[in-house]
Each structure stands twice: as C-alpha cells, then as structure tokens.
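Visitor: Structure for the following, please:
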Amino acid sequence: MRIAAVDFGDSHTGIAACDKLEMLASPVCIIDEKRFEVCADKVAEKLKEIGAEAVVVGDPVNMNGTYGPRSGKCREFAELLKARLDVPVEMWDERSSTVTAHNMMNEINKRGKKRKAVIDAAAAAVILESYLAYRRNRNV
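Guide: Residues are numbered from 1 along each chain as shown. Next comes the predicted model:
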C-alpha cells in the first residue's frame, strides 16, 4: 500500500511516501504555505497526485505524553485532510522526528539553505519510517 506522511508546519509542510511494498520511505516535497486551509488544499492535492492510499499526520506529542496546542493544530489539520481525501488519515506520534532529520542532515553534511529546503520532507520520511516499522512489527 502506498502510504504518505505529513509533517505539518506553520510555514512549511513536508510530505513523504513509501513504495507499494512499504519498504522505503522517501521525502516527496515541501509545501510552502502559511494559510491553514490553503495548505490543506495543496497537501491533499499532492497526496492525490502521488496516489496515497493512507496518510499519517505527525502528532507532536509532548515528551511527557501530553497533548499541547501544537498537537491540537496538527489534529485539526488532519481533520481538514480527512474531509478532502477518500483514504484513511490517522495521527502518528512524531516526537523527535525533526531532531532525527537534523541529525541525518548532519551525517551527510547538508547544511544551510540546502538543509532548510528539505528538512520538513525529511522529517515526514522519519515519521513514515516509524509508522512502517510499527506496521511490520504488528503484521498489519
């Protein structure tokens, strides 16, 4: 199944997707949009374009397991996607995904403007990798 992940941000929203065998998560693109509803429209359109059959939206749960205002905004964004798509949309704990993406960028020595251009899509790929590992472990 082709699953996509969304790392929603106030200015930049990253999208990643996996192959049909759910083996490899890859960054797809970044949507640069600050307007909430317009961003949801653009993301939904891209998800349709890449043939996403399911979508996970990163949920920035606090390190102590509580849900803060940022989590609420991401959940609201997921609801907008549900209304725009005919595929399942669910939330996925994204704790430390951006930190992990930054560490990956450090390892390949991608810095400055080059990093800024891809970090959100890389974070979406980290979210998706986590979700795919969960599916493999649960035999879903």
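Visitor: Now do the contacts for Phe77.
Guide: 6, 8, 36, 39-40, 57 (C-beta atoms under 8 Å, 6 or more residues apart in numbering). (C-beta placed from N, C-alpha, C; glycine too.)
Visitor: buried ones in the helix ranked longest in the chain?
Guide: Longest helix in the chain by number of residues, with DSSP state H as the criterion: helix 112-138. For helix 112-138, burial by neighbour count (16 or more other C-beta atoms under 10 Å) applies to 115, 118-132.
Visitor: From the contact counts, what lies against that helix?
Guide: strand 3-7, strand 12-18, strand 25-32, strand 54-59, strand 89-93, helix 97-107 (3 or more C-beta pairs under 8 Å, 6 or more residues apart in numbering; DSSP states H and E).
Visitor: Just give me the lowest mean pLDDT stretch among these.
Guide: Set side by side, the helices and strands packed on helix 112-138 give their lowest mean pLDDT on helix 97-107, at a mean of 55.
Visitor: can you count the residues close to Glu79?
Guide: Neighbour count for Glu79, taken as other C-beta atoms under 10 Å: 13.
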